[in-house]
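A.B. asks: Sequence and computational prediction follow.
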Amino acid sequence: MSIEQLARPEIRALRPYVSAIASGTSIKLNANESPVAVDSGLSQGLNRYPAIRPSHLTEKLADYYGVTPGNILVTRGSSEGIDLLVRAFCRAGKDSVVLTPPVFELYDIYATVQGAQRIAVPLEVENDFALDAEALLLACDQQTKLVFLCSPNNPVGTAIPAEQVLKIVEARAGKSIVVVDEAYIEFSDRQSLANWVNTCDNLVVLRTLSKAMALAGARCGTVIAQPGLIALLDSILAPYAMSSPVIICTDRALSEKQLAAAGRRIELVVSERDRVSAALATCDAVQYVWPSEANFLLVRFNDLQDVTKTLEMFGIAIRTFADDDILKGCARITISNAEENNVLVDAIRGIG
């Protein structure tokens with residue numbers, strides 16, 4: 001059985017929308033476009049639709065991630081990839097997804113929107129939020145279609161060892177898609193699991209240009225999987241999903257020069273992360289700083305309310321989790337440049 005057989009029957013039987021095909025003709029009357037380009041302030045007019053699927057960008061992303069173009073689906077941020085997976089594989093009221101809280105909230109939100117059951121397997125707080133793979137596998141049921149793993153984890157920053165992920169992938173072969181969200185992998189020393197997708201047909205890897213490539217405003221993510229699964233997801237992705245300006249700027253960001261600059265930025269962020277982590281650990285207001293392999297730190301404070309009020313006086317915003325029992329008293333702090341990081345540390349150091 002191919003892994004696509006786990007998808008909803010109506011999705012497997014779907015006839016994808018056929019868009020107007022771009023042609024090299026001089027008179028284009030097949031897509032109901034305007035013949036006149038308005039002044040958009042861009043070098044390229046926006047009166048014509050972009051490529052239905054940006055093949056040149058797909059090829060560049062495939063090269064960057066070390067896979068083939070057939071393993072790639074370009075999406076509007078990796079969050080759209082999450083949505084596509086839930087819609088393709090989960091029948092409302094019947095199928096389930098497994099989550100490992102604390103974790104990126106959109107897994108739960110998209111599952112809720114789709115009407116899928118959510119099975120929570122909390123990470124081990126007392127063990128730096130490690131994943132209990134055996135507990136996760138025991139929690140899966142016959143209706144579990146998706147297992148979401150975030151590595152490095154958001155909002156914790158810790159990563160799951162590759163051998164543990166692959167153990168879960170193997171155990172759920174033919175039963176579930178295991179989705180590994182690697183949004184922050186560039187800030188870690190660990191290798192991506194992208195090169196395993198053709199060996200393990202139930203493995204999906206999510207990547208994004210938002211974090212390490214500094215393109216959060218462009219909204220460009222990637223689903224990496226075996227070609228049959230990519231074709232299935234492609235059938236429900238909106239036509240012309242990537243706008244022309246996004247295609248242009250992401251294509252430029254994947255040039256050799258821009259990738260080299262991104263590499264230098266990543267090194268600076270990692271260096272600052274380690275420096276800030278060590279500094280915060282000495283502050284009286286801080287209970288604990290978790291080890292991080294991302295571009296942020298999870299910190300537990302003695303009095304989170306006092307900390308947030310103090311930081312607001314310095315014009316600093318941090319992410320708090322007031323409604324999360326597991327993360328009570330904790331905040332996620334993004335690593336910035338040295339100047340802003342120093343303001344943060346000095347403000348927290350001044351709290352008695």
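C.D. replies: Perfect, thanks for sending it.
A.B. asks: Now for the closest residue to residue 212 other than its chain neighbours, how many residues are close by?
C.D. replies: Spatial nearest neighbour of residue 212, chain neighbours left out: residue 186 (3.5 Å); criterion: CB to CB, 6 or more residues apart in numbering. Every C-beta, even on glycine, is put in place using the N, C-alpha and C of the backbone. When neighbours are counted by other CB atoms under 10 Å, residue 186 registers 22.
A.B. asks: Am I right that residue 186 is in a helix?
C.D. replies: Yes - counting by DSSP: H, G, I helix; E, B strand; the rest coil, residue 186 is located in a helix.
A.B. asks: where's it relative to residue 163, distance?
C.D. replies: Distance of residue 186 to residue 163, given as CB to CB, to the nearest Å: 21 Å.
A.B. asks: rewinding a little: tell me the contacts of the residue nearest to residue 212?
C.D. replies: 211, 212, 266 (CB atoms under 8 Å, 6 or more residues apart in numbering).
A.B. asks: What pLDDT does the model give it?
C.D. replies: Reported pLDDT at residue 186 in the predicted model: 98.
A.B. asks: Isn't residue 79 up against residue 221?
C.D. replies: Yes - the criterion here is CB atoms under 8 Å, and residue 79 meets it with residue 221 at 7.0 Å.
A.B. asks: Show the residue spans covered by the helices in the stretch 1-150 of the chain.
C.D. replies: 9-12, 55-65, 78-89, 106-114, 133-139 (DSSP state H, counting those that start in this stretch).
A.B. asks: Pick the most deeply packed of these.
C.D. replies: helix 78-89 (a mean of 23; mean count of other CB atoms under 10 Å).
A.B. asks: Please put the alpha-carbon coordinates of that helix into PDB.
C.D. replies: The C-alpha atoms that make up helix 78-89 are tabulated as PDB, following Å, rounded to 0.1, in the frame of the first residue of the first chain:
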ATOM      1  CA  SER A  78       5.400  26.000   6.600                       C
ATOM      2  CA  SER A  79       2.100  26.700   8.400                       C
ATOM      3  CA  GLU A  80       0.300  26.200   5.100                       C
ATOM      4  CA  GLY A  81       2.000  22.800   4.800                       C
ATOM      5  CA  ILE A  82       0.600  21.800   8.200                       C
ATOM      6  CA  ASP A  83      -2.900  22.800   7.100                       C
ATOM      7  CA  LEU A  84      -2.600  20.900   3.800                       C
ATOM      8  CA  LEU A  85      -1.500  17.700   5.700                       C
ATOM      9  CA  VAL A  86      -4.300  17.900   8.200                       C
ATOM     10  CA  ARG A  87      -6.900  18.500   5.400                       C
ATOM     11  CA  ALA A  88      -5.600  15.800   3.200                       C
ATOM     12  CA  PHE A  89      -5.400  13.000   5.800                       C
END
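A.B. asks: contacts for stretch 115-129?
C.D. replies: Applying CB under 8 Å, 6+ apart, the external contacts of stretch 115-129 come out as 86, 90-93, 95-103, 108, 111-112, 130-132, 135-136, 139-141, 143-146, 153, 156, 158, 290-291, 326.
A.B. asks: Endpoint to endpoint, stretch 3-14 covers what distance?
C.D. replies: For stretch 3-14, the first-to-last residue distance is 17 Å (CA to CA, to the nearest Å).
A.B. asks: Restrict stretch 335-343 to CA atoms and write it as CSV.
C.D. replies: This file holds the C-alpha atoms of stretch 335-343, laid out as CSV (Å, rounded to 0.1, in the frame of the first residue of the first chain):
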residue,chain,number,x,y,z
ILE,A,335,17.7,36.3,20.3
SER,A,336,18.3,39.7,18.7
ASN,A,337,21.5,41.7,17.9
ALA,A,338,24.0,42.3,20.7
GLU,A,339,22.7,45.8,21.4
GLU,A,340,19.1,44.8,22.0
ASN,A,341,20.2,41.6,23.9
ASN,A,342,22.3,43.8,26.3
VAL,A,343,19.3,45.9,27.0
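A.B. asks: Could you pick out the buried ones from the contacts of stretch 115-129?
C.D. replies: 86, 90-91, 95-103, 108, 111, 131-132, 136, 139-140, 143-146, 153, 156, 158, 290 (16 or more other CB atoms under 10 Å).
A.B. asks: Doesn't residue 178 lie inside a strand?
C.D. replies: Yes - counting by three-state DSSP, residue 178 is located in a strand.
A.B. asks: Write down the beta-bridge partners of it, one by one.
C.D. replies: Beta-bridge partners recorded for residue 178 (DSSP bridges): residue 147, residue 203.
A.B. asks: now do residue 286
C.D. replies: Note on residue 286: beta-bridge partners by DSSP bridges are residue 301.
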